[in-house]
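>>> model this:
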Amino acid sequence: MNTISLPFRSAGIRGMLCLLACLLLWGCRSGEKLYNKGKYDDAVAAFVKKLQCRPQDATALQLLPEAYRQAQRLHDDRVNGFLRSNNQLKWEPVRNEYRAMQRLYDLIHSSPAALQVVTPKDYRDAITGAQENAAESRYDRGMALMERGDKASARKAYEEFAASLKLISNYRDAKERMEEAFQAGVIHVVVSEIDVRSPFFQFSADQFRDYLVRTLQQRSINRFVAFYDERFARNENLQPDQYIALRFQDFVVGQTFVDRLQRDVSKEIVTGTSKDTSGKIINIYTTVKATLFITKKTVVSKGLLDYQITDTNNGRLLRTDRIPGSYTWLNQFGTYRGDYRALSDEDKKMIGGQDVAPPPPQDLFIEFTRPIYDQLERDLRSYYSNIN
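Predicted structure coming up:
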(Lines give C-alpha, C1' and ligand atoms only; values in the text may rest on other atoms or scores of the structure.)
Protein backbone atom coordinates (compact mmCIF):
# COMPACT_ATOMS: atom_id res chain seq x y z
CA MET A 1 0.00 0.00 0.00
CA ASN A 2 1.29 3.46 -0.95
CA THR A 3 1.40 6.00 1.88
CA ILE A 4 2.21 9.68 2.09
CA SER A 5 4.56 10.74 4.82
CA LEU A 6 3.21 13.18 7.39
CA PRO A 7 5.69 16.01 6.64
CA PHE A 8 4.68 16.07 2.96
CA ARG A 9 0.97 15.87 3.80
CA SER A 10 1.29 18.77 6.24
CA ALA A 11 3.17 20.82 3.68
CA GLY A 12 0.38 20.25 1.16
CA ILE A 13 -2.31 21.34 3.62
CA ARG A 14 -0.33 24.45 4.55
CA GLY A 15 0.01 25.30 0.85
CA MET A 16 -3.75 24.97 0.26
CA LEU A 17 -4.53 27.09 3.29
CA CYS A 18 -2.06 29.71 2.11
CA LEU A 19 -3.69 29.76 -1.34
CA LEU A 20 -7.17 30.04 0.19
CA ALA A 21 -6.04 32.92 2.39
CA CYS A 22 -4.61 34.72 -0.62
CA LEU A 23 -7.88 34.26 -2.55
CA LEU A 24 -9.93 35.58 0.35
CA LEU A 25 -7.61 38.54 0.76
CA TRP A 26 -7.89 39.23 -2.97
CA GLY A 27 -11.70 39.03 -2.73
CA CYS A 28 -11.74 41.61 0.03
CA ARG A 29 -9.43 43.93 -1.85
CA SER A 30 -11.53 43.42 -4.97
CA GLY A 31 -14.63 44.53 -3.04
CA GLU A 32 -12.82 47.62 -1.79
CA LYS A 33 -11.64 48.45 -5.29
CA LEU A 34 -15.18 48.15 -6.67
CA TYR A 35 -16.51 50.29 -3.85
CA ASN A 36 -13.90 53.01 -4.49
CA LYS A 37 -14.80 53.00 -8.20
CA GLY A 38 -18.47 53.57 -7.39
CA LYS A 39 -19.53 50.12 -8.60
CA TYR A 40 -21.70 49.60 -5.56
CA ASP A 41 -23.81 46.66 -6.78
CA ASP A 42 -20.69 44.68 -7.62
CA ALA A 43 -19.08 45.73 -4.34
CA VAL A 44 -22.08 44.42 -2.38
CA ALA A 45 -21.81 41.10 -4.22
CA ALA A 46 -18.07 40.87 -3.50
CA PHE A 47 -18.48 41.66 0.21
CA VAL A 48 -21.34 39.17 0.62
CA LYS A 49 -19.26 36.48 -1.06
CA LYS A 50 -16.41 37.29 1.31
CA LEU A 51 -18.68 37.03 4.36
CA GLN A 52 -20.01 33.68 3.18
CA CYS A 53 -16.42 32.40 3.50
CA ARG A 54 -15.25 34.52 6.44
CA PRO A 55 -18.23 35.78 8.48
CA GLN A 56 -15.97 37.83 10.79
CA ASP A 57 -14.06 39.73 8.07
CA ALA A 58 -13.75 43.25 9.44
CA THR A 59 -13.39 45.08 6.12
CA ALA A 60 -16.44 43.44 4.56
CA LEU A 61 -18.54 44.04 7.69
CA GLN A 62 -17.51 47.68 7.74
CA LEU A 63 -17.96 48.52 4.03
CA LEU A 64 -20.98 46.36 3.11
CA PRO A 65 -23.62 48.62 4.79
CA GLU A 66 -22.29 51.72 3.07
CA ALA A 67 -21.99 49.92 -0.30
CA TYR A 68 -25.63 48.83 -0.01
CA ARG A 69 -26.82 52.35 0.93
CA GLN A 70 -24.96 53.86 -2.02
CA ALA A 71 -26.33 51.25 -4.42
CA GLN A 72 -29.86 51.85 -3.14
CA ARG A 73 -29.42 55.61 -3.48
CA LEU A 74 -28.26 55.32 -7.10
CA HIS A 75 -31.16 53.06 -8.09
CA ASP A 76 -33.69 55.27 -6.29
CA ASP A 77 -32.33 58.34 -8.09
CA ARG A 78 -32.75 56.61 -11.44
CA VAL A 79 -36.28 55.51 -10.56
CA ASN A 80 -37.23 59.06 -9.58
CA GLY A 81 -35.75 60.37 -12.82
CA PHE A 82 -37.80 57.95 -14.91
CA LEU A 83 -40.99 58.71 -12.97
CA ARG A 84 -40.61 62.46 -13.56
CA SER A 85 -40.28 61.95 -17.32
CA ASN A 86 -43.10 62.05 -19.87
CA ASN A 87 -41.97 58.83 -21.49
CA GLN A 88 -44.96 56.48 -21.82
CA LEU A 89 -42.65 53.48 -21.48
CA LYS A 90 -40.95 54.69 -18.28
CA TRP A 91 -42.31 51.82 -16.18
CA GLU A 92 -40.11 49.25 -17.91
CA PRO A 93 -36.80 50.85 -16.88
CA VAL A 94 -38.33 51.50 -13.43
CA ARG A 95 -39.04 47.78 -13.15
CA ASN A 96 -35.46 47.01 -14.16
CA GLU A 97 -34.11 49.26 -11.38
CA TYR A 98 -36.35 47.56 -8.83
CA ARG A 99 -35.15 44.18 -10.06
CA ALA A 100 -31.53 45.23 -9.60
CA MET A 101 -32.28 46.23 -6.00
CA GLN A 102 -34.14 42.97 -5.39
CA ARG A 103 -31.06 41.06 -6.52
CA LEU A 104 -29.10 42.85 -3.77
CA TYR A 105 -31.83 41.88 -1.30
CA ASP A 106 -31.52 38.20 -2.30
CA LEU A 107 -27.71 38.37 -2.12
CA ILE A 108 -27.66 39.76 1.39
CA HIS A 109 -30.20 37.19 2.55
CA SER A 110 -27.83 34.46 1.37
CA SER A 111 -25.35 35.43 4.13
CA PRO A 112 -26.30 35.46 7.85
CA ALA A 113 -23.24 37.59 8.55
CA ALA A 114 -24.36 40.18 5.98
CA LEU A 115 -27.83 40.30 7.57
CA GLN A 116 -26.21 41.20 10.87
CA VAL A 117 -25.06 44.55 9.48
CA VAL A 118 -27.59 45.32 6.71
CA THR A 119 -31.39 45.21 6.64
CA PRO A 120 -32.14 45.14 2.90
CA LYS A 121 -35.43 46.35 1.47
CA ASP A 122 -37.75 43.88 -0.28
CA TYR A 123 -38.82 45.25 -3.70
CA ARG A 124 -41.09 42.42 -4.84
CA ASP A 125 -44.26 44.47 -4.48
CA ALA A 126 -42.60 47.40 -6.24
CA ILE A 127 -41.57 45.13 -9.13
CA THR A 128 -45.12 43.78 -9.45
CA GLY A 129 -46.58 47.29 -9.45
CA ALA A 130 -44.12 48.58 -12.04
CA GLN A 131 -44.75 45.54 -14.22
CA GLU A 132 -48.50 46.08 -14.12
CA ASN A 133 -48.06 49.75 -14.97
CA ALA A 134 -45.71 48.84 -17.82
CA ALA A 135 -48.21 46.31 -19.23
CA GLU A 136 -50.99 48.89 -18.97
CA SER A 137 -48.91 51.48 -20.82
CA ARG A 138 -48.21 49.06 -23.65
CA TYR A 139 -51.87 48.04 -23.82
CA ASP A 140 -53.05 51.67 -23.91
CA ARG A 141 -50.57 52.49 -26.68
CA GLY A 142 -51.89 49.55 -28.69
CA MET A 143 -55.50 50.68 -28.27
CA ALA A 144 -54.61 54.21 -29.33
CA LEU A 145 -52.85 52.92 -32.44
CA MET A 146 -55.83 50.75 -33.39
CA GLU A 147 -58.09 53.80 -33.29
CA ARG A 148 -56.13 55.33 -36.17
CA GLY A 149 -57.66 52.73 -38.50
CA ASP A 150 -54.72 52.19 -40.86
CA LYS A 151 -52.67 49.06 -41.46
CA ALA A 152 -49.31 50.53 -40.47
CA SER A 153 -50.73 51.58 -37.08
CA ALA A 154 -52.36 48.16 -36.63
CA ARG A 155 -48.98 46.48 -37.13
CA LYS A 156 -47.46 48.73 -34.47
CA ALA A 157 -50.40 47.97 -32.19
CA TYR A 158 -49.68 44.26 -32.61
CA GLU A 159 -46.18 44.81 -31.25
CA GLU A 160 -47.54 46.82 -28.32
CA PHE A 161 -50.02 44.10 -27.32
CA ALA A 162 -47.25 41.50 -27.69
CA ALA A 163 -45.03 43.58 -25.38
CA SER A 164 -47.87 43.83 -22.87
CA LEU A 165 -48.25 40.03 -22.83
CA LYS A 166 -44.52 39.59 -22.44
CA LEU A 167 -44.71 41.67 -19.27
CA ILE A 168 -47.82 39.88 -17.94
CA SER A 169 -48.75 36.72 -19.82
CA ASN A 170 -52.52 37.00 -19.31
CA TYR A 171 -52.92 40.76 -19.20
CA ARG A 172 -56.61 41.69 -19.72
CA ASP A 173 -57.75 40.83 -23.28
CA ALA A 174 -54.36 41.58 -24.87
CA LYS A 175 -54.26 38.21 -26.67
CA GLU A 176 -57.54 38.91 -28.45
CA ARG A 177 -56.48 42.48 -29.20
CA MET A 178 -53.17 41.22 -30.56
CA GLU A 179 -54.94 38.86 -32.99
CA GLU A 180 -57.32 41.68 -33.99
CA ALA A 181 -54.35 43.96 -34.69
CA PHE A 182 -52.64 41.26 -36.73
CA GLN A 183 -55.67 40.72 -38.98
CA ALA A 184 -56.09 44.48 -39.40
CA GLY A 185 -52.40 44.94 -40.24
CA VAL A 186 -51.93 42.22 -42.87
CA ILE A 187 -51.24 43.40 -46.41
CA HIS A 188 -52.96 41.14 -48.97
CA VAL A 189 -50.90 41.01 -52.16
CA VAL A 190 -52.25 39.46 -55.37
CA VAL A 191 -49.85 38.30 -58.08
CA SER A 192 -51.34 38.73 -61.53
CA GLU A 193 -51.75 36.18 -64.25
CA ILE A 194 -49.18 36.60 -67.02
CA ASP A 195 -50.23 37.46 -70.55
CA VAL A 196 -47.48 36.39 -72.97
CA ARG A 197 -49.44 37.09 -76.16
CA SER A 198 -48.73 33.54 -77.35
CA PRO A 199 -50.89 30.53 -76.40
CA PHE A 200 -47.90 28.31 -77.19
CA PHE A 201 -45.99 29.64 -74.14
CA GLN A 202 -48.94 30.32 -71.81
CA PHE A 203 -48.49 27.07 -69.89
CA SER A 204 -44.81 27.84 -69.20
CA ALA A 205 -45.71 31.38 -68.13
CA ASP A 206 -48.34 30.00 -65.75
CA GLN A 207 -45.73 27.66 -64.25
CA PHE A 208 -43.43 30.66 -63.76
CA ARG A 209 -46.14 32.57 -61.88
CA ASP A 210 -47.38 29.57 -59.85
CA TYR A 211 -43.90 28.73 -58.62
CA LEU A 212 -43.27 32.38 -57.71
CA VAL A 213 -46.46 32.57 -55.63
CA ARG A 214 -45.72 29.30 -53.83
CA THR A 215 -42.17 30.42 -53.03
CA LEU A 216 -43.34 33.79 -51.68
CA GLN A 217 -45.95 32.06 -49.53
CA GLN A 218 -43.50 29.51 -48.11
CA ARG A 219 -40.56 31.82 -47.45
CA SER A 220 -42.32 33.67 -44.59
CA ILE A 221 -40.88 36.94 -45.84
CA ASN A 222 -42.97 39.07 -43.51
CA ARG A 223 -45.70 37.89 -41.14
CA PHE A 224 -47.77 40.92 -42.10
CA VAL A 225 -47.72 40.16 -45.87
CA ALA A 226 -49.87 37.45 -47.47
CA PHE A 227 -49.47 36.51 -51.17
CA TYR A 228 -52.23 35.12 -53.38
CA ASP A 229 -52.61 33.86 -56.91
CA GLU A 230 -54.96 36.07 -58.93
CA ARG A 231 -57.25 33.17 -59.80
CA PHE A 232 -57.59 32.22 -56.12
CA ALA A 233 -58.31 35.83 -55.13
CA ARG A 234 -60.95 36.12 -57.84
CA ASN A 235 -62.67 32.87 -56.82
CA GLU A 236 -62.66 33.90 -53.14
CA ASN A 237 -63.72 37.51 -53.83
CA LEU A 238 -60.62 38.65 -51.94
CA GLN A 239 -59.97 42.38 -52.12
CA PRO A 240 -56.20 42.93 -52.35
CA ASP A 241 -54.30 45.80 -50.81
CA GLN A 242 -51.57 45.57 -53.42
CA TYR A 243 -51.41 44.13 -56.92
CA ILE A 244 -48.27 42.83 -58.65
CA ALA A 245 -48.70 43.02 -62.42
CA LEU A 246 -46.36 40.80 -64.49
CA ARG A 247 -45.87 40.97 -68.24
CA PHE A 248 -43.21 39.54 -70.56
CA GLN A 249 -42.09 42.03 -73.18
CA ASP A 250 -40.14 41.56 -76.42
CA PHE A 251 -39.24 37.93 -75.88
CA VAL A 252 -37.73 35.74 -78.56
CA VAL A 253 -37.51 31.96 -78.25
CA GLY A 254 -35.36 29.76 -80.46
CA GLN A 255 -33.62 32.34 -82.64
CA THR A 256 -31.18 30.12 -84.54
CA PHE A 257 -27.80 31.04 -86.04
CA VAL A 258 -25.62 28.63 -88.04
CA ASP A 259 -21.96 29.42 -88.74
CA ARG A 260 -19.65 27.24 -90.83
CA LEU A 261 -15.97 27.73 -90.18
CA GLN A 262 -12.79 26.38 -91.72
CA ARG A 263 -9.59 26.35 -89.67
CA ASP A 264 -6.09 25.06 -90.37
CA VAL A 265 -4.19 23.47 -87.50
CA SER A 266 -0.71 22.08 -87.13
CA LYS A 267 1.44 20.46 -84.48
CA GLU A 268 5.03 19.31 -84.09
CA ILE A 269 5.22 15.66 -83.06
CA VAL A 270 8.08 13.27 -82.33
CA THR A 271 8.43 10.73 -85.15
CA GLY A 272 11.71 9.13 -84.12
CA THR A 273 15.12 9.50 -82.44
CA SER A 274 18.77 9.72 -83.49
CA LYS A 275 22.16 10.31 -81.94
CA ASP A 276 24.19 13.46 -82.29
CA THR A 277 27.98 13.58 -82.75
CA SER A 278 28.51 13.08 -79.02
CA GLY A 279 26.28 10.00 -78.98
CA LYS A 280 23.43 11.73 -77.14
CA ILE A 281 19.94 10.63 -78.18
CA ILE A 282 17.79 13.42 -79.62
CA ASN A 283 14.15 13.53 -80.83
CA ILE A 284 13.24 13.95 -84.45
CA TYR A 285 10.23 16.28 -84.94
CA THR A 286 7.80 16.40 -87.83
CA THR A 287 5.06 18.97 -88.45
CA VAL A 288 1.67 17.43 -89.12
CA LYS A 289 -1.24 19.45 -90.52
CA ALA A 290 -5.01 19.22 -90.84
CA THR A 291 -7.98 21.36 -91.86
CA LEU A 292 -11.08 21.53 -89.69
CA PHE A 293 -14.55 22.11 -91.11
CA ILE A 294 -16.76 23.20 -88.17
CA THR A 295 -20.49 23.82 -87.97
CA LYS A 296 -21.51 26.02 -85.01
CA LYS A 297 -25.24 26.13 -84.22
CA THR A 298 -26.42 28.74 -81.69
CA VAL A 299 -30.00 29.04 -80.45
CA VAL A 300 -30.72 32.26 -78.52
CA SER A 301 -33.75 32.88 -76.31
CA LYS A 302 -34.22 36.16 -74.45
CA GLY A 303 -36.79 38.57 -73.15
CA LEU A 304 -37.81 41.20 -70.62
CA LEU A 305 -40.23 41.02 -67.71
CA ASP A 306 -41.95 44.19 -66.54
CA TYR A 307 -43.44 44.21 -63.07
CA GLN A 308 -45.36 46.85 -61.16
CA ILE A 309 -46.58 46.93 -57.58
CA THR A 310 -49.68 49.09 -57.13
CA ASP A 311 -51.60 50.16 -54.04
CA THR A 312 -55.15 49.17 -54.93
CA ASN A 313 -56.66 51.57 -52.40
CA ASN A 314 -55.38 54.74 -54.07
CA GLY A 315 -53.84 53.53 -57.35
CA ARG A 316 -50.38 54.72 -56.31
CA LEU A 317 -47.47 53.00 -58.03
CA LEU A 318 -45.22 51.61 -55.28
CA ARG A 319 -42.46 49.96 -57.32
CA THR A 320 -41.68 49.18 -60.94
CA ASP A 321 -38.79 47.57 -62.78
CA ARG A 322 -37.78 45.70 -65.93
CA ILE A 323 -35.71 42.52 -65.64
CA PRO A 324 -33.83 41.01 -68.61
CA GLY A 325 -33.04 37.34 -69.08
CA SER A 326 -31.35 35.23 -71.73
CA TYR A 327 -30.25 31.69 -72.51
CA THR A 328 -27.97 30.49 -75.29
CA TRP A 329 -27.87 26.88 -76.44
CA LEU A 330 -24.74 25.92 -78.37
CA ASN A 331 -23.75 22.85 -80.39
CA GLN A 332 -20.56 22.44 -82.42
CA PHE A 333 -19.56 19.54 -84.63
CA GLY A 334 -17.32 19.04 -87.63
CA THR A 335 -15.06 17.00 -89.87
CA TYR A 336 -11.42 17.26 -90.79
CA ARG A 337 -9.06 16.60 -93.64
CA GLY A 338 -5.41 15.80 -93.10
CA ASP A 339 -3.45 14.23 -90.26
CA TYR A 340 -5.54 13.34 -87.17
CA ARG A 341 -2.47 13.83 -84.98
CA ALA A 342 -2.59 17.58 -85.63
CA LEU A 343 -5.89 17.94 -83.73
CA SER A 344 -6.12 19.18 -80.15
CA ASP A 345 -8.31 17.45 -77.56
CA GLU A 346 -11.03 20.07 -78.06
CA ASP A 347 -10.86 19.59 -81.82
CA LYS A 348 -11.30 15.83 -81.38
CA LYS A 349 -14.41 16.38 -79.26
CA MET A 350 -15.99 18.44 -82.03
CA ILE A 351 -15.07 15.81 -84.61
CA GLY A 352 -16.80 13.26 -82.43
CA GLY A 353 -19.93 15.44 -82.16
CA GLN A 354 -22.99 15.43 -84.35
CA ASP A 355 -25.86 17.66 -85.38
CA VAL A 356 -28.51 17.44 -82.63
CA ALA A 357 -31.79 19.26 -82.26
CA PRO A 358 -32.06 22.06 -79.67
CA PRO A 359 -34.45 21.71 -76.69
CA PRO A 360 -38.16 22.29 -77.41
CA PRO A 361 -39.36 25.90 -77.30
CA GLN A 362 -41.14 25.48 -73.96
CA ASP A 363 -37.87 24.38 -72.35
CA LEU A 364 -36.01 27.29 -73.92
CA PHE A 365 -38.66 29.64 -72.52
CA ILE A 366 -38.12 28.22 -69.02
CA GLU A 367 -34.34 28.54 -69.35
CA PHE A 368 -34.31 32.20 -70.37
CA THR A 369 -36.84 33.08 -67.65
CA ARG A 370 -34.81 31.35 -64.92
CA PRO A 371 -32.50 34.36 -64.24
CA ILE A 372 -35.55 36.66 -64.47
CA TYR A 373 -37.30 34.60 -61.81
CA ASP A 374 -34.27 34.69 -59.49
CA GLN A 375 -33.98 38.48 -59.74
CA LEU A 376 -37.72 39.03 -59.36
CA GLU A 377 -37.88 36.87 -56.23
CA ARG A 378 -34.92 38.74 -54.69
CA ASP A 379 -36.57 42.09 -55.48
CA LEU A 380 -39.89 41.12 -53.92
CA ARG A 381 -38.30 39.56 -50.84
CA SER A 382 -36.23 42.70 -50.29
CA TYR A 383 -39.20 45.02 -50.77
CA TYR A 384 -41.67 43.18 -48.55
CA SER A 385 -39.22 42.23 -45.81
CA ASN A 386 -38.73 45.95 -45.10
CA ILE A 387 -42.40 46.65 -44.46
CA ASN A 388 -42.96 47.35 -40.77
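
>>> low pLDDT regions in the chain?
Regions of the chain meeting the criterion pLDDT under 70 cover residues 1-29.

>>> outline the domain layout of it.
9-122, 132-185, 190-385 (automatic domain parsing).

>>> straight-line length of the last one, end to end?
Spelled out, it's domain 190-385. This stretch, domain 190-385, spans 16 Å end to end (C-alpha to C-alpha, to the nearest Å).

>>> tell me which residues in the helix or strand hosting residue 105 are buried?
Under the criterion DSSP states H and E, the helix or strand holding residue 105 is helix 91-109. In terms of neighbour count (16 or more other C-beta atoms under 10 Å), helix 91-109 has its buried residues at 91-102, 104-105, 107-108. C-beta here means a position set from N, CA and C on the backbone, and glycine is covered the same way.

>>> list just the nearest of these to residue 241.
Of all the buried residues of helix 91-109, residue 92 has the smallest distance to residue 241: 33.1 Å, by C-beta to C-beta.

>>> quick check: chain neighbours aside, which residue is closest to that closest one?
In space, not counting the residues next to it along the chain, residue 92 is nearest to residue 134; the distance is 4.7 Å by C-beta to C-beta, 6 or more residues apart in numbering.

>>> report back the residue of this structure that's furthest from centre.
Within the chain, the residue lying farthest from the chain centre (C-alpha atoms, centre = their mean) is residue 277, at 75.5 Å.

>>> could you look up the SS state of it?
Using DSSP: H, G, I helix; E, B strand; the rest coil, the secondary structure recorded for residue 277 is coil.

>>> kindly report the same for residue 159.
When the rule is three-state DSSP, residue 159 gets the label helix.

>>> what about it, neighbour count?
Residue 159 is surrounded by 17 other residues when neighbours are defined as other C-beta atoms under 10 Å.

>>> any idea how far the spatially closest residue to residue 109 that is not a sequence neighbour lies from residue 222?
Leaving aside its chain neighbours, residue 109 sits nearest to residue 115 (6.6 Å; criterion: C-beta to C-beta, 6+ apart). As for residue 115, its distance to residue 222 is 54 Å (criterion: C-beta to C-beta, to the nearest Å).

>>> please identify which of the two sits among more neighbours.
The residue with more neighbours, out of residue 115 and residue 222 and counting by other C-beta under 10 Å, is residue 222; that gives 17 against 14.

>>> contacts only, for the residue nearest to residue 105 when sequence neighbours are not counted.
Nearest residue to residue 105 in three dimensions, chain neighbours excluded: residue 120, at 4.2 Å (C-beta to C-beta, 6+ apart). Residues in contact with residue 120, defined by C-beta atoms under 8 Å, 6 or more residues apart in numbering, are 68, 104, 105, 108, 109.
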